[in-house]
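Visitor: any chance you could fold what I've pasted below:
(2 chains)
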2 protein chains.
Amino acid sequence: MARRLFELAGQDQARRFSPYCWRARMALAHKGLEAETVIWRFTEGEAIAFSGQNKVPVLVDGDRVVADSWVIARYLEDHYPDRPSLFPGGVAAGRFVASWADEVLNPMLVRLIVSDIPPLLDEPARRYFIANREVRFGQPLAEVTANREARLPELRQALGPARAVLAERPFLGGEAPDYRDYAVFGSFQWARVVSPLALLAPDDPVAAWRERMLDLHGGLARATPALAG
Amino acid sequence: MARRLFELAGQDQARRFSPYCWRARMALAHKGLEAETVIWRFTEGEAIAFSGQNKVPVLVDGDRVVADSWVIARYLEDHYPDRPSLFPGGVAAGRFVASWADEVLNPMLVRLIVSDIPPLLDEPARRYFIANREVRFGQPLAEVTANREARLPELRQALGPARAVLAERPFLGGEAPDYRDYAVFGSFQWARVVSPLALLAPDDPVAAWRERMLDLHGGLARATPALAG
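Guide: Take a look at the predicted model:
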């Protein structure tokens, strides 16, 4: 049975922008595993109801169904132990960095880019997204991202722990990329696909790392249409 | 030549409260290395002038002088490779977590406990500390920590990445402690020694981990006089 990954897309199905789907896609590539993309949009909950929950990514691997990017990463590591490890330094390191991306990086990023997302969605998804996110933020999305350039220094400062590693090593994993890199890169790829906002100063070691990440696995992430360079 | 570690103390020389000195002390213990404590106080810059800088910890190991907790950790790892590794999952993991403690955890902690420190210092150190920190914060130290209980939820939330690991594993290093644990524990030990403030909810996995850390290496950290439990 084929391997399939349900991935969030915009109206243009090439525009894949979920940070968590990117984690899963990059983790698959790291393992050298092919997976057919099944395009999924915000309004298509029933299409993944078989997974017992309502979010992507969902990986279908033969007769196994795995939801949640972290669970997918652990699944891939456990079920493909002969492939390159996603956690060569131990699972704890991946967990710490992925949680940091979830809890520090992504909440800051969403407030910088969320208003760029609706124009990329088809009409039903756009209505859902705007209504859902306006409730979450308690204000119109244009207000959430108002004056966002003034908040870039805060984002750049928050990247300190990643920068401390990347000032000395090519990857968050050290000499080679691992799940730590994919967890954080997913956030940058999300922003890159949906927003023209230049998040990083050109001389930031994090920016050089992002370029290396875009080159990985045959330029997999770079091939996706993006609004930022 | 004996091994010596210059460590910050209060008026009571048993009251060692520098988070960075604790990183170094725990790293030495992890390596199974003895080091005589040389008590150092804020006003004793000349006593460590030989190190070419003015902060503790300073490690003197035979004819080598090593300052800065991170440089000390790297030094111990490189010069005692046959001892248990401080970075079994790679240096990058230690760097990320230590930087997170430096840049996220410690700036929040200091604003919760800084006013508890002056009463523990001798008179010259107290004068130095109050003047120096009031300039840094731009307000009296009692105002920095005013209403601190109301800011505990923010601290507890910021611990999310550590909690994500510790909900599944006994240590930030995974199954065993490593430099990641010492880097973060230093912050908690600092707070424990100087402040009665209860930082963590009793059922927090981070609190259970802190107890494990206090037990490590023969209860090294627990033996220090503390104001919190």
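
Visitor: from here on, contacts and neighbour counts on C-alpha atoms
Guide: Fine.

Visitor: show me the contacts for residue A:213.
Guide: By Cα atoms under 8 Å, 6 or more residues apart in numbering or on different chains, the contact list for residue A:213 reads A:181, A:185, A:221.

Visitor: just residue A:108 next, same as before
Guide: residue A:155.

Visitor: next one: residue A:151
Guide: Taking Cα under 8 Å, 6+ apart as the test, what residue A:151 contacts is residue A:112.

Visitor: okay, the residue nearest to residue A:15 when sequence neighbours are not counted: pLDDT?
Guide: Among residues not flanking residue A:15 along the chain, residue A:9 sits closest, at 5.4 Å (Cα to Cα, 6 or more residues apart in numbering or on different chains). pLDDT for residue A:9: 97.

Visitor: please apply the same query to residue A:1.
Guide: At residue A:1, pLDDT is 56.

Visitor: what about the closest residue to chain B within chain A, which SS state?
Guide: Residue of chain A nearest chain B, by Cα to the nearest Cα: residue A:89 (3.7 Å). Judged by DSSP: H, G, I helix; E, B strand; the rest coil, the three-state class of residue A:89 is coil.

Visitor: where does chain A dip in pLDDT?
Guide: Confidence mapping of chain A against pLDDT under 70 gives the ranges A:1, A:229.

Visitor: how about the residues of it near chain B?
Guide: Within chain A, the positions near chain B by Cα under 8 Å from any Cα of the partner chain are A:88-93, A:95-100, A:103, A:160-162, A:164-165, A:169, A:172-174.

Visitor: pull up the gap between residue A:183 and residue A:205, please.
Guide: Using Cα to Cα, to the nearest Å, we find residue A:183 at a distance of 17 Å from residue A:205.

Visitor: compare the two (neighbour count), which wins?
Guide: residue A:183 (29 against 19; other Cα atoms under 10 Å in any protein chain shown).

Visitor: gap between the helix or strand where that one lies and the chain center?
Guide: Using DSSP states H and E, residue A:183 sits within helix A:179-194. Chain-centre distance of helix A:179-194: 4 Å, with Cα atoms, centre = their mean, to the nearest Å.

Visitor: against which helices or strands is that helix packed?
Guide: Helix A:179-194 is packed against helix A:19-30, helix A:91-100, helix A:106-113, helix A:205-219, with contacts defined by 3 or more Cα pairs under 8 Å, 6 or more residues apart in numbering or on different chains; DSSP states H and E.

Visitor: show me which of the contacts of residue A:213 are buried.
Guide: Neighbour counting with 16 or more other Cα atoms under 10 Å in any protein chain shown marks A:181, A:185, A:221 as buried within the contacts of residue A:213.

Visitor: you'd agree the second one is up against residue A:212?
Guide: No - counting by Cα atoms under 8 Å, residue A:212 is not a contact partner of residue A:185; they are 10.3 Å apart.

Visitor: can you get me a residue count around residue A:24?
Guide: Neighbour number of residue A:24 under other Cα under 10 Å is 30.

Visitor: who's in contact with the closest residue to it other than its chain neighbours?
Guide: Excluding the flanking residues, the one nearest residue A:24 by Cα to Cα, 6+ apart is residue A:69, at 5.6 Å. When contacts are counted by Cα under 8 Å, 6+ apart, residue A:69 touches A:20, A:21, A:23, A:24, A:57.

Visitor: what do you get if the cut-off is 10 Å, keeping everything else the same?
Guide: Taking Cα atoms under 10 Å, 6 or more residues apart in numbering or on different chains, we find residue A:69 in contact with A:19-25, A:27, A:55-59, A:75, A:98, A:183.

Visitor: cool, residue A:102 as well?
Guide: Contacts of residue A:102 (Cα under 10 Å, 6+ apart): A:19, A:20, A:96, A:108, A:183, A:184, A:187, B:160, B:161.

Visitor: and what of residue A:136?
Guide: residue A:130.

Visitor: how about the strand or helix carrying it: buried residues?
Guide: According to DSSP H and E, residue A:136 maps onto helix A:123-137. In terms of neighbour count (16+ other Cα under 10 Å), helix A:123-137 has its buried residues at A:125, A:126, A:129, A:130, A:133.

Visitor: any idea which helix or strand comes after that helix?
Guide: Taking DSSP H and E, what comes next after helix A:123-137 is helix A:141-144.

Visitor: domains of chain A?
Guide: A:3-79, A:91-219 (automatic domain parsing).

Visitor: and of those, who's closest to residue B:196?
Guide: domain A:91-219 (28.2 Å; Cα to Cα).

Visitor: straight-line length of the closest one, end to end?
Guide: 26 Å.

Visitor: cool, stretch A:148-165 as well?
Guide: Termini of stretch A:148-165 sit 27 Å apart (Cα to Cα).

Visitor: now that stretch: how far from the chain's centre is it?
Guide: The answer for stretch A:148-165 is 18 Å, by Cα atoms, centre = their mean.

Visitor: buried ones in that stretch?
Guide: For stretch A:148-165, by 16+ other Cα under 10 Å, it's A:151, A:152, A:155, A:156, A:158, A:159, A:160, A:161, A:162, A:163, A:164, A:165.

Visitor: turn the residues you listed into a markdown table, columns for secondary structure.
Guide: A markdown table is the format used below for these (three-state DSSP):
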| residue | secondary structure |
| --- | --- |
| A:151 | helix |
| A:152 | helix |
| A:155 | helix |
| A:156 | helix |
| A:158 | helix |
| A:159 | coil |
| A:160 | helix |
| A:161 | helix |
| A:162 | helix |
| A:163 | helix |
| A:164 | helix |
| A:165 | helix |
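
Visitor: could you dump the residues you listed to JSON lines with distance to residue B:51?
Guide: Formatted as JSON lines, the buried residues of stretch A:148-165 follow (distance: Cα to Cα, whole Å):
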{"residue": "A:151", "distance to residue B:51": "39"}
{"residue": "A:152", "distance to residue B:51": "38"}
{"residue": "A:155", "distance to residue B:51": "35"}
{"residue": "A:156", "distance to residue B:51": "32"}
{"residue": "A:158", "distance to residue B:51": "31"}
{"residue": "A:159", "distance to residue B:51": "31"}
{"residue": "A:160", "distance to residue B:51": "27"}
{"residue": "A:161", "distance to residue B:51": "27"}
{"residue": "A:162", "distance to residue B:51": "29"}
{"residue": "A:163", "distance to residue B:51": "27"}
{"residue": "A:164", "distance to residue B:51": "24"}
{"residue": "A:165", "distance to residue B:51": "26"}
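
Visitor: cool, thanks, signing off.
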